[in-house]
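**Student:** Sequence unavailable; structure follows:
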């Protein structure tokens with residue numbers, strides 16, 4: 001599916017950016033980490049990196065021209081793909097201009113208007129006057145409204161460098177690193193550890209040691225002076241992290257250079273943590289630039305593996321005899337979004353459910369034979385993914401999304417696989433699943449699931465699904481119903497394989513039965529359509545050789 005790249009907003013004062021130079025042209029292949037363009041903002045000239053892999057299909061802004069924030073500047077997708085639908089979607093979802101907020105006048109109890117009380121005399125100090133940089137909570141996904149500070153890696157008074165990891169921030173998808181991209185001293189921390197900050201809230205200020213920022217903090221807290229405090233002359237950073245909503249990362253050219261070694265700041269940070277010498281790493285980014293993926297894939301014997309912090313165990317609660325009590329567990333960002341999105345799905349989309357039994361005897365025998373030659377172990381879930389993807393190709397009405405005024409039938413098949421992690425649930429996506437072999441699906445599923453549990457997935461790896469599978473069979477669940485994962489029109493719930501006595505010929509025998517339940521959005525999928533899809537799915541899974549033809 002073609003992905004649009006929009007001009008990102010890097011500060012409250014930025015309204016447009018000028019394309020100084022395009023480093024790619026239409027038809028060029030790009031990989032994550034490749035430099036797409038240099039963009040001049042109201043603060044500096046920045047680099048625009050790609051987080052997508054594919055071909056440049058469209059460039060909407062000429063070199064030297066300006067473009068407003070959130071407007072489309074390019075489209076990346078498969079070579080030869082029709083990108084016009086993506087452009088139309090972007091135009092349809094573009095934010096409308098709104099009038100600025102008006103001060104609210106509250107009349108007294110007798111209803112007679114009263115003159116506004118004078119505002120407190122807060123000095124409107126600007127960031128540039130103080131020579132400091134304001135760091136704000138970045139927007140890391142379209143669903144993110146706030147981020148929780150898991151840990152500050154620097155404290156007030158510490159010296160920081162442009163590529164230092166200031167803090168670990170928990171979003172609704174994963175825990176991300178926040179890099180400030182400026183040198184100086186950490187002068188102010190606006191959000192304590194464990195607390196959340198809304199997107200674009202001030203979380204830190206960096207500047208020269210000893211600078212008094214109390215006036216600036218007061219100005220930023222005053223609605224009338226906040227714009228003036230970080231106005232066009234101010235210095236402000238929305239810090240780059242592992243990803244942005246446009247699937248692109250913003251870095252400064254200074255932070256991309258390490259002598260003669262070209263590396264992104266995040267790559268340098270990860271290399272430092274792992275003890276990897278950048279001189280020994282081969283960069284796969286634009287012009288040989290080293291990106292985070294290169295560090296992750298660099299595993300010489302001498303390299304130090306980064307050790308993830310152990311999860312904090314929640315002590316088991318033992319009730320004292322004759323006492324009552326409870327424990328309130330704070331919601332993390334992922335749980336909040338899961339609750340909101342699935343509530344919207346359940347109470348907006350009219351669900352109906354179709355349950356079917358699948359005889360897995362042939363599938364079990366075929367799996368044993370395939371695993372004798374497969375380079376990676378194939379699971380029953382991999383076979384379910386493959387069978388579902390091939391059935392979706394035969395029944396495109398199920399591979400669709402409800403768009404309010406239209407039903408969108410996707411031409412590609414991206415199967416999401418629900419993965420339970422400590423903080424909730426995330427859905428890594430196997431893209432073009434119908435075009436991949438079982439061993440390819442197995443390898444990709446294993447890698448994605450592992451990275452999901454370690455919170456290492458990139459946004460393009462947990463988005464774009466057109467159908468979802470949720471499997472609880474390994475937990476001895478016979479059958480269950482699942483809530484549709486938007487924007488899909490259906491989700492398949494898979495139970496365990498259970499030995500069942502069945503009639504065979506003139507007698508009885510044992511067969512291995514698996515129950516699956518398809519939840520459908522009745523606005524876009526009718527009952528007969530869902531049933532026909534399951535019949536095709538059943539034929540593939542009960543006779544796996546048909547999936548190999």
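**Tutor:** Looks like it came in fine. In this text, all values refer to a predicted model and were calculated from it rather than measured experimentally.
**Student:** Pick out the residue nearest the middle of the protein.
**Tutor:** Nearest to the mean C-alpha position of the chain, by Cα atoms, centre = their mean, lies residue 459 at 3.1 Å.
**Student:** Just to check, that one is in contact with residue 52?
**Tutor:** No. In this structure, residue 459 is not within contact of residue 52 by Cβ atoms under 8 Å, at 9.8 Å. For the C-beta atoms, the positions are set from N, CA and C on the backbone; glycine is no exception.
**Student:** Look up how far residue 82 lies from residue 340.
**Tutor:** 33 Å (Cβ to Cβ, to the nearest Å).
**Student:** now do residue 266
**Tutor:** From residue 266 over to residue 82 the distance is 33 Å, taken as Cβ to Cβ.
**Student:** Looking at the two now, which is surrounded by more residues?
**Tutor:** More neighbours surround residue 266 than the other of residue 266 and residue 82, with 24 against 11 (other Cβ atoms under 10 Å).
**Student:** That one against residue 294, yeah?
**Tutor:** No. The pair residue 266 / residue 294 is not scored as a contact, 11.0 Å apart, by Cβ under 8 Å.
**Student:** Could I get the full set of helices for the stretch 251-400 of the chain?
**Tutor:** For the stretch 251-400 of the chain, helices defined by DSSP state H, counting those that start in this stretch occupy the ranges 265-274, 292-296, 333-348, 361-371, 380-394.
**Student:** what helices or strands is the longest one leaning on?
**Tutor:** Translated: helix 333-348. Helix 333-348 is packed against strand 146-152, strand 424-426, with contacts defined by 3 or more Cβ pairs under 8 Å, 6 or more residues apart in numbering; DSSP states H and E.
**Student:** got a list of what the closest residue to residue 364 other than its chain neighbours touches?
**Tutor:** Spatial nearest neighbour of residue 364, chain neighbours left out: residue 512 (5.9 Å); criterion: Cβ to Cβ, 6 or more residues apart in numbering. Contact criterion Cβ atoms under 8 Å, 6 or more residues apart in numbering gives 359, 360, 361, 364, 497, 498, 499, 500 as the residues in contact with residue 512.
**Student:** Just list whatever residues bridge to the nearest residue to the second one once chain neighbours are set aside.
**Tutor:** In space, not counting the residues next to it along the chain, residue 360 is nearest to residue 512; the distance is 4.4 Å by Cβ to Cβ, 6+ apart. Applying DSSP bridges to residue 512 yields these beta-bridge partners: residue 499.
**Student:** can you pull the pLDDT of residue 512?
**Tutor:** pLDDT recorded at residue 512 is 95.
**Student:** Same check on residue 283?
**Tutor:** Taking residue 283 on its own, its pLDDT is 76.
**Student:** quick one: residue 448 from residue 442, how far?
**Tutor:** Per Cβ to Cβ, residue 448 is found 11 Å from residue 442.
**Student:** got the phi/psi numbers for residue 396?
**Tutor:** In terms of degrees, to the nearest 10, the main-chain angles of residue 396 are phi -60, psi -20.
**Student:** With residue 145 instead?
**Tutor:** Dihedral pair for residue 145: phi -120, psi -20, per degrees, to the nearest 10.
**Student:** This completes my enquiry, with thanks.
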